[in-house]
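S.K.: Could you look at this predicted model? Sequence included:
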Amino acid sequence: MKFFIDTANLDQIKEAKDFGILDGVTTNPSLMAKEGISGAKNIESHYKAICEIVDGDVSAEVISTDYQGIIDEGEYLATLAPNIVVKVPMIKDGIKAISYFTSKGIRTNCTLVFSSGQAILAAKAGATYLSPFIGRVDDITWDGMALIADIAEIYAIQGYETEILAASVRNAKHIVDAARSGADIVTCPLSSILGLLKHPLTEIGLAKFLADHAKANG
Ligand code: E4P
């Protein structure tokens, strides 16, 4: 399973890269706004800055919701860097645009996915990545991980090539469960990735090893 970081924060992207486990980045309009990035020129240079840090794919989301607007925005975003993936919402014009982008060789990430039916449509349209939002599904007391497992089963049966990118990850357990449920990629905050490190027995064990070494070596 690949690890993407779900942020537009350059310091966190650099930290994840330095950690040695980073395969890509996802952003969305809320994450860009959180970093105070606004205005077409600033947004463009921020995407370029992210793409200079990361070798892997970087999802850049369109704001338009009509077919022509999505096409115009997506074609422009795709010119910013070779590793840009155009993120398109799961709406009728979005699916139509994903079909168009697929025919033009522009890679896409279909976002705001909450059902297996939506996942089938995105795969039929040729989306490169599919982003089911597991945290937001859990938030309404449905089962985000069951959704990942169902989509993974359907994609395997049908031989769809769209990769399942588990999104809206809230904690380290989501990462482990996504791996078990068949996600190809998980995109998460840096805190969830670092959460995978934590185990009290590791901390106790390391403290004892160091104490024993110090005792023996003065
Ligand atoms: C990433 O592709 C999604 O936009 C993101 O994971 C959504 O996360 P949230 O539900 O925590 O906002």
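M.R.: Everything's here; your move.
S.K.: count of neighbours near L80?
M.R.: 17 (other CB atoms under 10 Å). Every residue, glycine included, has its C-beta placed from N, CA and C.
S.K.: actually D66, not the one I typed
M.R.: Applying other CB under 10 Å, we find 12 residues neighbouring D66.
S.K.: so what's it closest to, chain neighbours aside?
M.R.: D93 (5.6 Å; CB to CB, 6 or more residues apart in numbering).
S.K.: residues contacting that neighbour?
M.R.: Applying CB atoms under 8 Å, 6 or more residues apart in numbering to D93 gives the contacts 65-67, 70.
S.K.: remind me, longest helix of this protein?
M.R.: For the chain, the helix reaching the highest residue count under DSSP state H is reported as helix 200-217.
S.K.: got the buried residues for that one?
M.R.: Buried residues in helix 200-217, counted by 16 or more other CB atoms under 10 Å: none are found.
S.K.: Output it as PDB, restricted to C-alpha atoms.
M.R.: Extracted in PDB, the C-alpha atoms of helix 200-217 (Å, rounded to 0.1, in the frame of the first residue of the first chain):
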ATOM      1  CA  PRO A 200       4.600   1.600  24.800                       C
ATOM      2  CA  LEU A 201       6.500  -1.700  24.800                       C
ATOM      3  CA  THR A 202       8.900  -0.200  22.200                       C
ATOM      4  CA  GLU A 203       9.500   2.800  24.400                       C
ATOM      5  CA  ILE A 204       9.900   0.700  27.600                       C
ATOM      6  CA  GLY A 205      12.200  -1.800  25.700                       C
ATOM      7  CA  LEU A 206      14.400   0.900  24.300                       C
ATOM      8  CA  ALA A 207      14.700   2.700  27.600                       C
ATOM      9  CA  LYS A 208      15.800  -0.600  29.200                       C
ATOM     10  CA  PHE A 209      18.300  -1.400  26.500                       C
ATOM     11  CA  LEU A 210      19.900   2.100  26.800                       C
ATOM     12  CA  ALA A 211      19.900   1.900  30.600                       C
ATOM     13  CA  ASP A 212      21.600  -1.600  30.600                       C
ATOM     14  CA  HIS A 213      24.200  -0.400  28.100                       C
ATOM     15  CA  ALA A 214      24.900   2.700  30.200                       C
ATOM     16  CA  LYS A 215      25.300   0.500  33.400                       C
ATOM     17  CA  ALA A 216      27.700  -1.900  31.600                       C
ATOM     18  CA  ASN A 217      29.700   0.800  30.000                       C
END
